[in-house]
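# what follows is a predicted structure for the sequence shown.
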Amino acid sequence: FWVVACGASQRRVPPAGDVSSLVRQPSAFNAPQKPLAMALRGTVAAPPQIGEWGIEFPLQITNLSSTHNSSTQNVAGRVWAQLPLLDFSLQQGDVLELHGELFDLPRTGAPGERSRQARYIEERCWCLFKVKNASGVKLQRRASQNSWPAHLSQIRDWLPARYDAAFRQYEYSYSSSTAQLLAAMVFGEGGLPQQLPRLTRDRWRAAGFSHLLVASGTQISIFALGLLGMARLFGSRRWISLFFIVPVLVFYALLAGGSSSIWRAAVAGLCIALALLLGRETDGLSLWSLALLILVLINPLQLHDLGFQLTFAATWGLLVLAPSLRKFLQKSFGRNWFCDAVAFSIAAQIATVPLLLYHFGRVSLVGFGANLLAVPVAGTLVATGMLGLVWSPVNILNYQLVRFLDGLAGAASQLPGAAPETPLFSLPLTIICYVTLLMA
């Protein structure tokens, strides 16, 4: 606990000489911000996130100059850059010159507004740099095409394009949006070169299907089982196949965007691979605890990340709540696969409800029923979607299943009371909810 607390407090404070010292105002919490007009030169430090209104990424700066002063000074640190949409693509490693304004990190204002400070600090950015017009962005040098970020970016661009080309081959309508949805379900939305449309994301969130667009244990399990099956087909020994699977799982986690959910699943998968290599048994709750401990020690600020909280809460529900709920259902309806499916689906959703009410004051009620149908279809799509990259005819099935899920999300989100709003839960009330669930 103390190691994590010390690590988190150290990460919250910018290092000496950081660029944020130019605009940071520690004297008063609500002190008015004083943006500085600046020209920055630096390197894109992570894959840019492309949304409907602009592009965001951390920029590792090398020098800056004031627009009122022609002198240039070398500085250290990162800024979180916010750019308008551009007519050319950016990738990690590109060198840019930006003209805009330097801001201190924003503070929450309205009640219930989520703070993004932890998200920025997690990327080692203690200030923002906003560019209003595309004319303020100058590409100085492209990233090396032989670097691993460039190769990852090329693969991320190729995945939805591969599905789109297959759907166009069969003259299906809405091929681009359907290809994006399929790529998000197979490789996670974090690995997409461009975000899904806002209406699609809102529709899937209201239906309780957001977790289907996140790469997690389902993708890792199917991917690992496929690799093990291929290794056995070619007669590889166990230890050889495991040494082959480990780097492939790490590469998949990076390709999927490196979100908290995929790293949790990847760490658990690597531990299972090590246990198989050593001939040891595995325990789900121990793997859950080990993955949580490793990720928090690496970056304590992940505890503030909503995706991190939800993925560990949902997995905790599967490990702790689902067995008890399954026993309860079996007493009433007997032993059958339907009771198991209901138990696992409801347990994962119940475990995330207190967090959703704490952050948003809203929870999808229709998701409890709709997920019983959506989860098996989405699990099938993960396997057939991977197969569709190498064998095009299976994309005939993929298209129909994706359109079915999108239609189901649309129908579920339109039901009366699909996602009712409630007052935001306080932190003590959220903790009481989890203690109650554990006792139950």
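Alright, I've got the coordinates.

# who does the helix or strand Ala383 falls within touch, helix- and strand-wise?
Take DSSP states H and E as the rule and Ala383 turns out to sit in helix 367-388. When contacts are defined as 3 or more CB pairs under 8 Å, 6 or more residues apart in numbering; DSSP states H and E, helix 367-388 sits against helix 148-169, helix 175-187, helix 217-233, helix 337-359, helix 395-413. Backbone N, C-alpha and C define where each C-beta goes, glycine included.

# list the buried residues in the fourth one.
Of the residues in helix 337-359, those with enough neighbours to count as buried (16 or more other CB atoms under 10 Å) are 339, 341-359.

# how about the helices and strands packed on helix 367-388, which one is nearest Gly307?
Nearest to Gly307 among these is helix 337-359; the distance by CB to CB comes to 10.7 Å.

# ok now the closest one, how far from the chain's centre?
Centre-to-centre, helix 337-359 and its host chain are 20 Å apart (CA atoms, centre = their mean, to the nearest Å).

# and it with helix 367-388, angle?
Helix 337-359 and helix 367-388 are oriented at 110 degrees to each other (axes from the mean of the first three to the mean of the last three CA atoms, to 10 degrees).

# so where's the protein shaky on pLDDT?
For the chain, the stretches with pLDDT under 70 are 2, 4, 7-11, 24-33, 52, 67-75, 107-115, 236, 238-239.

# geometric centre of it: which residue is closest?
In the chain, the residue lying closest to the centroid (CA atoms, centre = their mean) is Ser259, at 4.0 Å.

# surely that one and Gly188 touch.
Yes. Using CB atoms under 8 Å, Ser259 is in contact with Gly188, at 6.4 Å.

# ok, the nearest residue to Ala351 once chain neighbours are set aside - contacts?
Distances taken as CB to CB, 6 or more residues apart in numbering put Gly317 closest to Ala351, at 2.8 Å, once the chain neighbours are dropped. Neighbouring residues of Gly317 by CB atoms under 8 Å, 6 or more residues apart in numbering: Ala347, Ala348, Gln349, Ile350, Ala351, Thr352.

# do that again at 6 Å, thanks
Applying CB atoms under 6 Å, 6 or more residues apart in numbering, one finds that Gly317 lies in contact with Ala347, Ala348, Ala351.

# just want to check the distance between it and Gly284.
According to CB to CB, to the nearest Å, Gly317 stands 12 Å off from Gly284.

# give me the phi and psi for the residue nearest to the centre of the chain.
Main-chain dihedrals, Ser259, degrees, to the nearest 10: phi -70, psi 170.

# Cys127 looks like it's in a strand, true?
Yes. Applying DSSP: H, G, I helix; E, B strand; the rest coil, one finds Cys127 inside a strand.

# hey, what's it bridged with?
Asp104 (DSSP bridges).

# surely Ala207 and Gly410 touch.
No. Between Ala207 and Gly410 there is no contact under CB atoms under 6 Å: 7.7 Å.

# ok, those two, which is more surrounded?
Using other CB atoms under 10 Å, the more surrounded residue of Ala207 and Gly410 is Ala207, with 27 against 15.

# relative to Val363, how far out is that one?
According to CB to CB, Ala207 and Val363 sit 12 Å apart.

# and the lengthiest strand in the chain, which residues are buried?
Criterion DSSP state E: the longest strand present in the chain is strand 55-66. For strand 55-66, burial by neighbour count (16+ other CB under 10 Å) applies to Ile55, Glu56, Phe57, Pro58, Leu59, Gln60, Ile61, Leu64.

# and what of stretch 12-28?
Pro14, Asp18, Val19, Ser20, Leu22, Val23.

# and for stretch 143-159?
Ala143, Pro149, Ala150, Leu152, Ser153, Arg156, Leu159.

# pretty sure Phe425 sits against Leu355.
No. Under the criterion of CB under 6 Å, Phe425 is not in contact with Leu355, lying 8.7 Å apart.

# dump the helices and strands packed on helix 367-388 into CSV; add distance to Met38 as well.
Output for the helices and strands packed on helix 367-388, formatted as CSV (distance: least, CB to CB, whole Å):
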stretch, distance to Met38
helix 148-169, 26
helix 175-187, 35
helix 217-233, 41
helix 337-359, 34
helix 395-413, 43
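
# for those helices, which one sits closest to Gly51?
Among the helices and strands packed on helix 367-388, helix 175-187 comes nearest to Gly51, with 13.6 Å by CB to CB.

# check which helices and strands that closest one is in contact with.
If contacts are counted by 3 or more CB pairs under 6 Å, 6 or more residues apart in numbering; DSSP states H and E, helix 175-187 sits against helix 148-169, helix 367-388, helix 395-413.

# go with 10 Å
helix 148-169, helix 198-206, helix 217-233, helix 367-388, helix 395-413 (3 or more CB pairs under 10 Å, 6 or more residues apart in numbering; DSSP states H and E).

# buried residues, the helix or strand harbouring Pro247. List them.
Following DSSP H and E, one finds Pro247 within helix 238-255. By neighbour count with 16+ other CB under 10 Å, helix 238-255 contains the buried residues Ser241, Leu242, Ile245, Val246, Leu249, Tyr252, Ala253, Leu254, Leu255.

# for stretch 425-437, same thing?
For stretch 425-437, by 16+ other CB under 10 Å, it's Phe425, Thr430, Cys433, Leu437.

# what is the nearest of the residues you listed to Arg232?
Closest approach to Arg232 among the buried residues of stretch 425-437 (CB to CB): Leu437, at 40.1 Å.

# tabulate the contacts of Gly317 (TSV), appending distance to Leu227.
As requested, the contacts of Gly317 are exported to TSV (distance: CB to CB, whole Å):
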residue	distance to Leu227
Ala347	29
Ala348	26
Ala351	30
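
# of those, which is the nearest to Val375?
Ala348 (9.0 Å).

# isn't the closest one right up against Phe312?
No. If you go by CB atoms under 10 Å, Ala348 and Phe312 don't touch, sitting 11.5 Å apart.

# got a list of what Leu270 touches?
By CB atoms under 10 Å, 6 or more residues apart in numbering, Leu270 lies in contact with Ile220, Ala224, Leu242, Ile245, Val246, Leu249, Val250, Ala253, Leu287, Ala291, Ile294.
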